[in-house]
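> just to be clear, the model below is a prediction. Sequence and coordinates:
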Amino acid sequence: MFDYLIVGAGFAGSVLAERLAQADKKVLIIDKRNHIAGNAYDYYNKDGILIHKYGPHIFHTNSKDVFEYLSKFTDWNHYQHKVLASVDGQMVPMPINLNTINTLYGLNLNSDEVDHFFASKAEKVSQVKTSEDVVVGKVGRELYEKFFKGYTKKQWDLDPSELDASVTARVPTRTNKDNRYFTDTYQVMPSEGYTKMFEKMLDHPNIKIMLNTSYQEIVDEINFKKIIFTGPVDEYFNYCHGKLPYRSLEFKFETHDKETFQETGTINYPNDYAFTRITEFKYLTHQKHHKTSLVYEYPKAEGDPYYPIPQPENAALYKKYKAKAEQLKNTYFVGRLATYKYYNMDQVVAQALSTFKKIQNEESENTTEVIALKPAVTSFPNEEKVMVGIKGFANNFNNK
Ligand SMILES: Cc1cc2nc3c(=O)[nH]c(=O)nc-3n(C[C@H](O)[C@H](O)[C@H](O)COP(=O)(O)OP(=O)(O)OC[C@H]3O[C@@H](n4cnc5c(N)ncnc54)[C@H](O)[C@@H]3O)c2cc1C
């Protein structure tokens, strides 16, 4: 019998698998995809270039705890991400800063002057409710239209006036010349990639991994005491209150027979083309190669669930699922899909580490109940399932 069934081998599931295994628990972690690492999965393409299958993932955090925890499984390269936006035929730094304004308007302002510039353009917004309010209230309508309106429309298929303030509030405006996209204390990339880091995390004799396996296929076939679910919370409850809406993306990859393609890691195209941005992986990974690979991101309504759509009606729908989830014993919902919130990787790691502490406290209070005592599996129902062995995996399902 497994102590824990963990659904999803992304950051949420893998951090919890690792912590629980270290605490002597027997863990089965499954994923419906054919790989571990969730959306952070990276691999070498046929030209031998390390690429991110689900779009560019840049690690940044202010949390020493999260950084130190992950450092047990990887070395790091320092990487400070820089983004340019293609606006009015020029490449200018994003988020908007002093350099952006000086380049765009051919000015030579200093920090104080650009502060006044923003203030003179800003519109009075009595109550900041939407993504449009945030930007026009800070920098005015012209910059809003150049940098945000088109990008947001492409990304969400909604006008910023229809979207929660949180979406554009995440992007700062600076009066200095700091061209970095993030300003977190730790800005690093795993030196051998994310997948290698996950392999190390899951390399423990107490952890069994099954890929190409959905929760629904095996839940009635496996013996386990507790479950950690990191898939979509509405799916767990059979969409009983309706489907939680997500925005998706299509990724188009290209490899070019030259060392570099563009002048920085990511270039945003707020106003032209159907894609939102192009990222060139070698900037992120520091890989040396005579060719270079890129990804174009095309936002879509259908497809894998990537971004929860931040609108009040969706928050209300999620609340109904949350209430159901809270009624379940020995069942934990962790991660971005299970809590219907866009989280960065470090936030999901922090959420998983705090869930582990909660579980430990509960166990020390001895409140454990066995919820799922189902018949032991003697042979696996579907021969085509892939059970992947990271070192230490015993290929014997009854050896629990
Ligand atoms: C395009 C894009 C770019 C991003 N860039 C960044 C970035 O630069 N920096 C950053 O910090 N964060 C970034 N993120 C966010 C990052 O991807 C998430 O924080 C992280 O992946 C969340 O981990 P998770 O474990 O919650 O979810 P996931 O990584 O999605 O893992 C969940 C796993 O559960 C599996 N699963 C779901 N349902 C089932 C089921 N029924 N049965 C079995 N398995 C199931 C899925 O296959 C998946 O592998 C980005 C996200 C996107 C979409």
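Alright, I've got the coordinates.
> could I get the phi/psi values of Ser111?
Ser111 adopts backbone torsions of phi -60, psi -40, taken as degrees, to the nearest 10.
> and the pLDDT at the nearest residue to it once chain neighbours are set aside?
Using Cβ to Cβ, 6 or more residues apart in numbering and skipping the chain neighbours, the partner closest in space to Ser111 is Thr175 (4.5 Å). Any C-beta I mention is one placed from the backbone N, CA and C, and that applies to glycine too. Note for Thr175: predicted pLDDT of 96.
> what count of nearby residues applies to the residue of the stretch 51-200 of the chain found nearest the ligand?
Closest contact between the stretch 51-200 of the chain and the ligand, by Cβ to the nearest ligand atom, is at Gly55 (3.0 Å). As a burial measure, Gly55 scores 14 neighbours (other Cβ atoms under 10 Å).
> likewise for Gly335?
When neighbours are counted by other Cβ under 10 Å, Gly335 comes out with 28.
> that one and Val233 touch, don't they?
No - in this structure, Gly335 is not within contact of Val233 by Cβ atoms under 8 Å, at 9.7 Å.
> which phi and psi does the nearest residue to Gly303 once chain neighbours are set aside have?
Leaving aside its chain neighbours, Gly303 sits nearest to Ser248 (3.3 Å; criterion: Cβ to Cβ, 6+ apart). The phi/psi pair for Ser248 (degrees, to the nearest 10) reads phi -120, psi 180.
> mind listing what Ser248 touches?
Residues near Ser248 by Cβ atoms under 8 Å, 6 or more residues apart in numbering: 299-307.
> confidence score at it?
Model confidence at Ser248, given as pLDDT, is 97.
> which strand residues bridge it?
When bridges are called by DSSP bridges, Ser248 pairs up with Lys300.
> follow-up on the earlier one: for the contacts of Ser248, which one is nearest Thr331?
Of all the contacts of Ser248, Thr331 sits closest to Pro305, with 20.3 Å by Cβ to Cβ.
> just the element for that closest one, please.
Remark: Pro305 resides in no helix or strand, with elements defined by DSSP states H and E.
> which residues touch the residue nearest to it when sequence neighbours are not counted?
Nearest residue to Pro305, sequence neighbours excluded (Cβ to Cβ, 6+ apart): Tyr246, at 3.7 Å. Tyr246 is in contact with 305-309, counting by Cβ under 8 Å, 6+ apart.
> columns pLDDT, distance to Thr152 and neighbour count on top of those residues, output as TSV?
Formatted as TSV, the contacts of Tyr246 follow (pLDDT from 0 to 100; distance: Cβ to Cβ, whole Å; neighbours: other Cβ atoms under 10 Å):
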residue	pLDDT	distance to Thr152	neighbour count
Pro305	95	19	18
Tyr306	95	15	18
Tyr307	94	12	16
Pro308	94	15	21
Ile309	92	12	20
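> keep the residues you listed, but drop any that are not near the ligand.
Checking the contacts of Tyr246 against the ligand by Cβ under 6 Å from any ligand atom, the ones in range are Tyr306.
> out of the contacts of Tyr246, which is nearest to the ligand?
For the contacts of Tyr246, the nearest to the ligand is Tyr306 (3.7 Å; Cβ to the nearest ligand atom).
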